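J.: Here is the input, now give the coordinates:
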Amino acid sequence: MTTTTLAVLVPLLPFLGAAAGLLLGRTAPGFVRPLAVLPTLAALVLAVLVAVRQGGGRAVDAATELAPTGSVPVELALHVDGFAALVAVLVGLVATCVQIYSTGYLRDDPRYPSYAALVSLFTSAMLLVVYSGDLMVLLVGWEIMGICSYFLVGHYWETPEARAASLKAFLVTKLGDVPFLIGLLALATEAGSFRITRVLGAVASGGLDHPTLIALLLLAGVAGKSAQFPLHTWLPDAMAGPTPVSALIHAATMVAAGVYFIARLLPVFEASRAALVVLAVMAAVTMAGSALAALAQDDIKRVLAYSTIGQLGYMSGALAVGDRGAAVFHLLSHGAFKALLFLAAGVIIHAAGTNSLAAMSRMRNLRDRVPDAYWTMTVALLALAAIPPFSGFFSKESVLVAAEHVATGHTEHAPGAAGWTVLVAGLLTALLTAAYAMRLWLLAFRGRGADAPDHGRQPAAMNTVLWVLAVPSLAFGALAYRLLPDWFDGRDLTPTLTTSVLGTGVALAGGIVAYAAWRHTTALAARVPLGAVAAHPEGGAARVEAEAVAGHEPAYGTVAAAPDPSDPARLLLGPLHRPAAAGFHLDTVYAALFVRPVRAGASLVRFLDREVVETYVRGAGALPRWLGAAVRRAQTGNVQTYVSALLAGTVVLAVAAVLVATGA
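T.: Numbering: from 1, shown residues only. The predicted structure is shown next:
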């Protein structure tokens, strides 16, 4: 079987699994789980075979005309280079792990068949984006992912949070997709083709007349899909969906699509130095702002959501300095440890028996109750904090090295301003990332909040997946930075001494400061007397802590209402805590700038429609109705009345004729 045939089957198998799952979900429920897992697993195996055959060498290209347009044709094209081959393996691995994990996590969910089918369709759409060699076909997968995320985020549609989150995710991403589509059409018009290879050829020959405008239009769609400032606000709210969906969206699909798209079309963006500076600023604001927000969150899934936004900012920063190898390296590394973080969080939530206990300030004694999640999440958090030798260290260092080379003038792939912006923001974010990773670990596994009910050991499928993902989280980076350059244009990914010392130093400093703050707040909480509960600003927390010190066991309802008094977030952030916890009130700003004016405009249109247009329509219909009523009254059926009216009319006409004649 040829490499082209194998590559076609990779996105096709999950699609067929999704179709079969939807058809057989009600009539043959016993086939639902095999149809969810096996096609995705087969796609993973085929993706690995494609990667082995491609081997980082010459790209595999194939195309056939899909729709003649009369001008720029749309082709069903395939383009598999080193980037596409490895990203497809990541997508297949994470999707397979999510499907296996979901068989345990959602085993009692009545809507599991539709959920599993949508996850398979989601996977198929992302694989289509990865392998597509035509921009219009890529757009199809891009939009299918959008509608799948809408349904999956709103899986628990009975809750208002899930309904609002799914609608918000759909609208915000569509807001970016409109200029994205315009940018694709403009790019294809100037390049004369939707084929990616031909577009890049046109860029290389200087065939783009408006590269800045096109790049900025495309960036709008990328900002929405990859949750970059200012269109990132949908991603934290999307945590209302099932935790495995969060793992899939954050690690291998949806948000990864935007970064991958820029990596695929990076020469288009490099044709405009202004666009690279805009991308660098967008990445810097995204990195630093999301890290501050993550440090202030209480919900463990929202911490991880803001963490994803920040890590995507690193990838965007690498692209802003013209190094797509570093960007995709971090994409691959991040995919493994972020999927592990979310799935471990799902084990914690599953152990508590309710999604409402995802608040870290409510967690207590979890280290002994979920040992698999404890050890694997520790590995993933160390990778997230970029502590050597975990995978996140090597991939994040490759981003910092790329930024440092541009900032110091060693390379000229991007403006020096973009390099300095990404480098400074990257180091600051490394400090904050280690701080919120340490805080998450302390509150989740050494917390002093409520002791939630123990729902027993989790299904083996869930815990097994955690250990599978722990392997690349631990070992991928140390192997990949030596092997990946052959797959990534030969670009060197080796860490340098300067950035390694700086990056690791600030990460260690962030972790130590967070630990010291936690020890300080814990010591203060232990000294709170029973009589000080009413005066304490965190009265419930002080009450629970005081009762624990006194040796009493409060009722479950009381404990669940009391947060952990040792949370160091307020001490670490100070006056920034409240705005950071609210996402710096961007939703409020957008509501004032966009939502309220749109609603006011809609109210005006409704008033004009009802009070003006409908009044005119009703009036236009009333006049004929009145005339008809008058004529109807004249039709009495009495012959004498008709004759009398005829005579009266004759007399009137005669008098009128006489008057006219006399006047003449």
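J.: all helices of the stretch 51-200 of the chain, in order?
T.: In order along the chain, the stretch 51-200 of the chain carries the following helices (DSSP state H, counting those that start in this stretch): 82-105, 112-131, 135-153, 160-191, 196-204.
J.: Please save the CA atoms from the helix or strand that comes right after the shortest one in PDB.
T.: Where DSSP states H and E defines the elements, the next helix or strand beyond helix 196-204 is helix 211-225. Backbone C-alpha positions of helix 211-225 (Å, rounded to 0.1, in the frame of the first residue of the first chain) are rendered in PDB as follows:
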ATOM      1  CA  PRO A 211       1.200  40.500   2.300                       C
ATOM      2  CA  THR A 212       0.600  42.500   5.400                       C
ATOM      3  CA  LEU A 213      -3.100  42.800   4.800                       C
ATOM      4  CA  ILE A 214      -3.400  39.100   4.100                       C
ATOM      5  CA  ALA A 215      -1.300  38.100   7.000                       C
ATOM      6  CA  LEU A 216      -3.300  40.200   9.500                       C
ATOM      7  CA  LEU A 217      -6.600  38.800   8.100                       C
ATOM      8  CA  LEU A 218      -5.300  35.200   8.600                       C
ATOM      9  CA  LEU A 219      -4.000  36.100  12.100                       C
ATOM     10  CA  ALA A 220      -7.600  37.000  13.200                       C
ATOM     11  CA  GLY A 221      -8.700  33.500  12.400                       C
ATOM     12  CA  VAL A 222      -5.700  32.000  14.200                       C
ATOM     13  CA  ALA A 223      -6.300  34.100  17.200                       C
ATOM     14  CA  GLY A 224      -9.800  32.800  17.500                       C
ATOM     15  CA  LYS A 225      -9.000  29.200  16.800                       C
END
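J.: which residues of the stretch 401-550 of the chain score low on pLDDT?
T.: 448-456, 528-550 (pLDDT under 70).
J.: Could you export the helices of the stretch 51-200 of the chain to TSV, including columns for distance to residue 263?
T.: For glycine as for every other residue, the C-beta is placed from the backbone atoms N, C-alpha and C. Shown next, in TSV, are the helices of the stretch 51-200 of the chain (distance: least, Cβ to Cβ, whole Å):
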stretch	distance to residue 263
helix 82-105	6
helix 112-131	11
helix 135-153	13
helix 160-191	16
helix 196-204	12
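J.: I'd like to know which of those lies nearest to residue 213.
T.: helix 160-191 (7.1 Å; Cβ to Cβ).
J.: How far away from the center of its chain is that closest one?
T.: The chain centroid and the centroid of helix 160-191 are separated by 12 Å, computed with Cα atoms, centre = their mean, to the nearest Å.
J.: What segments of the stretch 401-550 of the chain are strands?
T.: Applying DSSP state E, counting those that start in this stretch to the stretch 401-550 of the chain gives no strands.
J.: hang on, the earlier thing: adding mean neighbour count and mean pLDDT, write the helices of the stretch 51-200 of the chain out as JSON lines.
T.: Shown next, in JSON lines, are the helices of the stretch 51-200 of the chain (neighbours: other Cβ atoms under 10 Å; pLDDT from 0 to 100):
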{"stretch": "helix 82-105", "mean neighbour count": "26", "mean pLDDT": "94"}
{"stretch": "helix 112-131", "mean neighbour count": "26", "mean pLDDT": "95"}
{"stretch": "helix 135-153", "mean neighbour count": "22", "mean pLDDT": "94"}
{"stretch": "helix 160-191", "mean neighbour count": "19", "mean pLDDT": "93"}
{"stretch": "helix 196-204", "mean neighbour count": "18", "mean pLDDT": "93"}
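J.: which one of those lies closest to residue 474?
T.: Taking Cβ to Cβ, helix 82-105 is the member of these nearest to residue 474, at 15.0 Å.
J.: Can you show me the CA trace of the closest one as PDB?
T.: What follows is helix 82-105, C-alpha atoms only, in PDB (Å, rounded to 0.1, in the frame of the first residue of the first chain):
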ATOM      1  CA  GLY A  82       8.000  16.200   8.400                       C
ATOM      2  CA  PHE A  83       5.800  18.600  10.300                       C
ATOM      3  CA  ALA A  84       2.500  17.100   9.100                       C
ATOM      4  CA  ALA A  85       3.700  13.500   9.700                       C
ATOM      5  CA  LEU A  86       4.600  14.100  13.300                       C
ATOM      6  CA  VAL A  87       1.600  16.300  14.200                       C
ATOM      7  CA  ALA A  88      -0.700  13.600  12.800                       C
ATOM      8  CA  VAL A  89       1.000  11.100  15.100                       C
ATOM      9  CA  LEU A  90       0.300  13.400  18.000                       C
ATOM     10  CA  VAL A  91      -3.300  13.900  17.100                       C
ATOM     11  CA  GLY A  92      -3.800  10.100  16.700                       C
ATOM     12  CA  LEU A  93      -2.100   9.400  20.000                       C
ATOM     13  CA  VAL A  94      -4.100  11.900  22.100                       C
ATOM     14  CA  ALA A  95      -7.400  11.100  20.400                       C
ATOM     15  CA  THR A  96      -6.800   7.300  21.000                       C
ATOM     16  CA  CYS A  97      -6.000   8.000  24.700                       C
ATOM     17  CA  VAL A  98      -9.100  10.200  25.000                       C
ATOM     18  CA  GLN A  99     -11.400   7.600  23.500                       C
ATOM     19  CA  ILE A 100     -10.000   4.900  25.800                       C
ATOM     20  CA  TYR A 101     -10.100   7.100  28.800                       C
ATOM     21  CA  SER A 102     -13.700   8.200  28.000                       C
ATOM     22  CA  THR A 103     -14.900   4.600  28.100                       C
ATOM     23  CA  GLY A 104     -14.400   4.700  31.800                       C
ATOM     24  CA  TYR A 105     -15.000   8.400  32.500                       C
END
